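1. Sequence and predicted structure below; questions after.
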Amino acid sequence: MISSCSVIVRKPLGQEPSTLGIRAAWAMMANSGIEVSVILMGDGIYSVLGKSGYIRDLYRKFLDENGTVYAVTEDMEARGIEADQLPEGIEPLAAADVYGIVDDTDSIMTF
């Protein structure tokens, strides 16, 4: 049985996979008790930068339920995004540390 999952979001706000990624993560955690980490990579970092909206609300609910969200620092830097621009609760993560997180999970989903 799966007890943990890493969800990688690579698509930006406005593309359906970015919304599907956080919806799947939140549903797994809230309904199944699966430990879920979301990793924002590439343009997926843009999905959390809006000031309001549906996807931002999903991230807030996910974080409020003790979900973990990381943003890859090298991808942030490549897009000119500073750590203080991330919503509260989203942790910067070096690309070299991504492997350690996904290696410790039973399943990986990419959106």
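-> On my side now, so go ahead.

2. Where does the most centrally placed residue in the chain fall, secondary structure wise?
-> Against the mean C-alpha coordinate of the chain, by C-alpha atoms, centre = their mean, the closest residue is residue 38 at 3.0 Å. Assigned by DSSP states H and E, residue 38 falls within strand 35-40.

3. re earlier: what is the residue nearest to the centre of the chain paired to in the beta sheet?
-> Bridge pairing for residue 38 (DSSP bridges) gives the partners residue 7, residue 69.

4. does it really touch residue 63, like I thought?
-> No - Residue 38 is beyond contact range of residue 63, at 9.4 Å (criterion: C-beta atoms under 8 Å). C-beta: built from backbone N, CA, C; applies to glycine.

5. Overlap in contacts, the two.
-> In terms of C-beta atoms under 8 Å, 6 or more residues apart in numbering, residue 38 and residue 63 are both contacted by the residues residue 69.

6. how about the strands in the chain?
-> Assigned by DSSP state E, the strands in the chain fall at 4-9, 35-40, 68-72, 90-93, 107-110.

7. can you redo these as CSV with mean pLDDT?
-> Below are the strands of the chain laid out as CSV (pLDDT from 0 to 100):
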stretch, mean pLDDT
strand 4-9, 97
strand 35-40, 97
strand 68-72, 98
strand 90-93, 97
strand 107-110, 96
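
8. Can you say which of the ones you listed is nearest to residue 55?
-> Distance to residue 55, taken as C-beta to C-beta, is lowest for strand 4-9 among these, at 9.9 Å.
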